[in-house]
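K.L.:
Predicted model and sequence below, questions to follow.
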Amino acid sequence: MIDAGGSRTVETERLLLRPHRLEDHEASCALWSDPVVTRYTSGRPLPPEECWTRLLRYAGHWTLLGFGYWAVEEKASGRFVGDIGLSDFRRDLPEALNFNSAPEVGWILSPGVHGKGYATEAVRAAMAWGERHLDAKRFVCLINPENSASLRVAEKTGFKPYARTRYKDAPATLLERLV
């Protein structure tokens with residue numbers, strides 16, 4: 001559910017999706033420096049400087065586009081457990097693939113919470129927010145075909161593969177979800 005007044009905070013049964021804060025930098029560095037987390041994204045652990053740039057990019061999305069990524073907090077513990085959101089990264093993909101014409105959904109969670117259904121719960125909440133606040137009729141995501149866990153989350157949340165390509169020298173499956 002969205003807070004009264006349409007704020008940027010989204011609450012699910014077990015999670016709080018909230019704007020990132022400066023204090024999230026340390027937890028974000030811990031997340032993005034984990035090789036398990038970055039295996040299918042950057043392909044390498046990120047140093048603190050790149051984590052800082054990522055945090056600023058998240059804030060910039062909200063400021064310039066009115067949507068972006070949330071910090072994911074586990075309600076029971078108050079712990080930062082990941083990032084989830086909607087983006088417009090203007091990916092360098094052929095225009096014919098029609099990828100950049102819809103909000104891109106992305107998610108990354110700490111290995112300690114993998115297998116709990118948090119990603120599915122958060123993706124559903126982010127897309128519901130996008131449907132209400134952006135009037136989005138289509139969402140897209142880009143997933144390495146070897147990332148079976150993320151492909152399962154995509155399937156559970158209604159995404160269907162529509163193209164296979166390469167992105168930054170790695171194989172990529174492009175998926176879409178129509179509303």
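P.N.:
Perfect, I can see it now.
K.L.:
What does the pLDDT read for the spatially most central residue of the chain?
P.N.:
Centroid-nearest residue in the chain: Gly106, 2.3 Å away (criterion: Cα atoms, centre = their mean). With respect to pLDDT, Gly106 has a value of 98.
K.L.:
Ok, Val123 next?
P.N.:
Val123 is given a pLDDT of 98.
K.L.:
for it, what are its contacts?
P.N.:
84, 105, 107, 153-154, 157 (Cβ atoms under 8 Å, 6 or more residues apart in numbering). Using the backbone N, CA and C atoms, a C-beta is placed for each residue, glycine as well.
K.L.:
mind checking the SS state of it?
P.N.:
helix (DSSP: H, G, I helix; E, B strand; the rest coil).
K.L.:
in terms of contact, does Asn147 touch Gly43 like I think?
P.N.:
No: at 11.7 Å, Asn147 does not count as touching Gly43 under the criterion of Cβ atoms under 8 Å.
K.L.:
Please, where are all the strands along the chain?
P.N.:
Here the chain has its strands, by DSSP state E, at 10-11, 15-18, 69-74, 80-87, 104-109, 138-143, 160-167, 170-178.
K.L.:
Just send those back as a markdown table, with distance to Glu121 too.
P.N.:
Converted to a markdown table, these look like this (distance: least, Cβ to Cβ, whole Å):
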| stretch | distance to Glu121 |
| --- | --- |
| strand 10-11 | 11 |
| strand 15-18 | 6 |
| strand 69-74 | 9 |
| strand 80-87 | 10 |
| strand 104-109 | 10 |
| strand 138-143 | 16 |
| strand 160-167 | 20 |
| strand 170-178 | 16 |
